[in-house]
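A.B. asks: no sequence on this one, just coordinates:
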């Protein structure tokens, strides 16, 4: 399984190398390939980060769908927070909710937690087993569980296909 992690990290690093150098000349590609391979081998001796990543056509499709949903949620939440800042009369009821996830993969849970944190108005405070503790800017006491599940489910259904 380490070979899979080395290969994926190598491809990611080489892609960034090509983007940063803005060239595909043979010398730049060879240099980038050597450096990327050395870094991938050096860092993936014990890494298992990409072991749960599924490399199927369906997972590639769901990766793009996930990025699209994340972008929409990011824009919506930015507007929501901007309106709250510009209009102080809008309610702010901060609190911490607990949401359960069905994701088994460590990387899937990490990406879920970061996706929640990157959308303004929410912040993942901690992950314990299958529970995420999320700080929300505006929540209602009576809807805590439903609200937590709503936040998690919109990202989780895509990450389940990508990471299992």
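C.D. replies: That came through fine. Quick caveat: nothing in here was measured; it's all calculated off a predicted structure.
A.B. asks: Regarding the chain, what is its longest helix?
C.D. replies: helix 57-86 (DSSP state H).
A.B. asks: Which residues are in contact with the most centrally placed residue in the chain?
C.D. replies: The central residue of the chain, meaning the one whose C-alpha is nearest the mean C-alpha position (Cα atoms, centre = their mean), is residue 111 at 2.9 Å. Neighbouring residues of residue 111 by Cβ atoms under 8 Å, 6 or more residues apart in numbering: 155, 159, 163. Just so you know, the C-beta spots here come from the backbone N, C-alpha and C atoms, and that holds for glycine as well.
A.B. asks: just these now: which is nearest residue 87?
C.D. replies: Closest to residue 87 out of the contacts of residue 111 is residue 155 (27.9 Å), distances taken as Cβ to Cβ.
A.B. asks: Now that closest one: closest residue in space, sequence neighbours ignored.
C.D. replies: Once its chain neighbours are removed from consideration, residue 155 has its nearest residue in residue 115; the separation is 4.9 Å (Cβ to Cβ, 6 or more residues apart in numbering).
A.B. asks: I'd like to know the average pLDDT value across the longest helix of the chain.
C.D. replies: Taken as a whole, helix 57-86 carries a mean pLDDT of 89.
A.B. asks: okay, now residue 62: neighbour count?
C.D. replies: Using other Cβ atoms under 10 Å, the number of residues around residue 62 comes to 20.
A.B. asks: Residue 35 is in contact with residue 16, isn't it?
C.D. replies: No: judged on Cβ atoms under 8 Å, residue 35 makes no contact with residue 16 at a distance of 10.7 Å.
A.B. asks: Report the contact partners of the nearest residue to residue 119 once chain neighbours are set aside.
C.D. replies: Nearest-residue entry for residue 119: residue 77, 4.3 Å, with adjacent residues in sequence omitted and distances by Cβ to Cβ, 6+ apart. Listed by Cβ under 8 Å, 6+ apart, the contact set of residue 77 reads 119, 120, 121, 122.
A.B. asks: swap in residue 66?
C.D. replies: Residues counted as contacts of residue 66 (Cβ under 8 Å, 6+ apart) are 155, 158, 159, 162.
A.B. asks: Please, which helix or strand holds the residue nearest to the centre of the chain?
C.D. replies: Secondary structure assignment for residue 111, by DSSP states H and E: helix 106-118.
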